[in-house]
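A.B. asks: need a 3D model of the sequence below.
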Amino acid sequence: METNPQRDSGQHRFLAFHTAVGDRGQGGDGLIMAFELVLTTTIFAGLGFWLDRTIGTIPLFTVVFGVFTLVYEVWKIVATYDAEMTAHAEQRRPLRQGPVR
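C.D. replies: Numbering: from 1, shown residues only. The predicted structure follows:
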């Protein structure tokens, strides 16, 4: 049976794109990230609230712990997204060169 290089290249591109887009069951990643963002911030703000009540200060630790945790979680989400997009770009680099002749 004879092979067609252009057709085979097209199949390779389709499979690579399908893998890059993500058919790996990652549909719940956004929900996990949102849950982690809210839960972690709430836990640390609650810890700050407890510390404020124990020491008897104004809600200083509540605000500091909450804001610090929120900023860290948002930074982590952005850094993870950037790393994933860089990895996808590296996977697709050979595909941009065109079919092998």
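
A.B. asks: what's the following helix or strand after the strand or helix carrying Ala45?
C.D. replies: Per DSSP states H and E: Ala45 is located in helix 29-55. Using DSSP H and E, the helix or strand that follows helix 29-55 towards the C-terminus is helix 60-96.

A.B. asks: mind listing what's buried in that following helix?
C.D. replies: Phe61, Thr62, Phe65, Gly66, Thr69, Leu70, Glu73 (16 or more other CB atoms under 10 Å). C-beta: built from backbone N, CA, C; applies to glycine.

A.B. asks: counting by contacts, list what the helix holding Ala45 packs against.
C.D. replies: Under the contact definition 3 or more CB pairs under 8 Å, 6 or more residues apart in numbering; DSSP states H and E, helix 29-55 sits against helix 60-96.

A.B. asks: quick one: low-confidence ranges for the chain?
C.D. replies: Residues of the chain meeting the criterion pLDDT under 70: 1-28, 94-101.

A.B. asks: am I right that Phe61 is in contact with Asp52?
C.D. replies: Yes: using CB atoms under 8 Å as the test, Phe61 is close enough to Asp52 to be in contact (5.0 Å).
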